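K.L.:
have a look at this fold, sequence not included:
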């Protein structure tokens, strides 16, 4: 039950992540067209913040479900995690571009003092979105090693799980984790 719910929240988070930044993409496009409509820009920024606030509980639900699944989970969601990680590659590329544009917009003497705070906020927010999609695999591994004792600690497997905690490597880690789980599920001849 927990892992099935986790699959749903992973997909919901993925969709939500794309939707939450959609107003910002529209804002950047509108900025390219000289409309001088400040209320539209403010509205789109507010919409992004509201949508981000709506995605945050889904991310927290992924964390909670992952922790619960360490103790009560049964099914393997590594295929879903891998698909989500692959589906989010364009989001992370667009998110990086958006972050660069936001920092570039702050390059004036009056706003420069806030750049480190904004960078910290953007990095932490992006990392939070990334790590919450990795936790179901980490939880599954911890359950197999610590609770069920179905697996022994192996350096390769641990390295793959560690990859799930780093930008870019998390995608590779999720693919390798899924492939390893597939091999473990297939009885050797």
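P.N.:
Everything's here; your move. Please read all numbers here as calculations on a predicted model, not as lab measurements.
K.L.:
distance of the most centrally placed residue in the chain from residue 108?
P.N.:
The C-alpha lying nearest the average C-alpha coordinate of the chain belongs to residue 130 (CA atoms, centre = their mean; 2.6 Å). Noted for residue 130: a distance of 30 Å to residue 108, by CB to CB, to the nearest Å. Placement of C-beta: from N, CA and C, glycine included.
K.L.:
and residue 168, by the same measure?
P.N.:
Counting by CB to CB - residue 168 and residue 108 are separated by 32 Å.
K.L.:
show me what contacts residue 47?
P.N.:
Residue 47 makes contact with residue 23, according to CB atoms under 8 Å, 6 or more residues apart in numbering.
K.L.:
and for residue 181?
P.N.:
Contacts of residue 181 (CB under 8 Å, 6+ apart): 76, 78, 140.
K.L.:
closest one to residue 39 out of the residues you listed, please.
P.N.:
residue 78 (46.1 Å; CB to CB).
K.L.:
pretty sure that closest one contacts residue 173?
P.N.:
No - in this structure residue 78 lies outside contact range of residue 173 using CB atoms under 8 Å: 10.3 Å.
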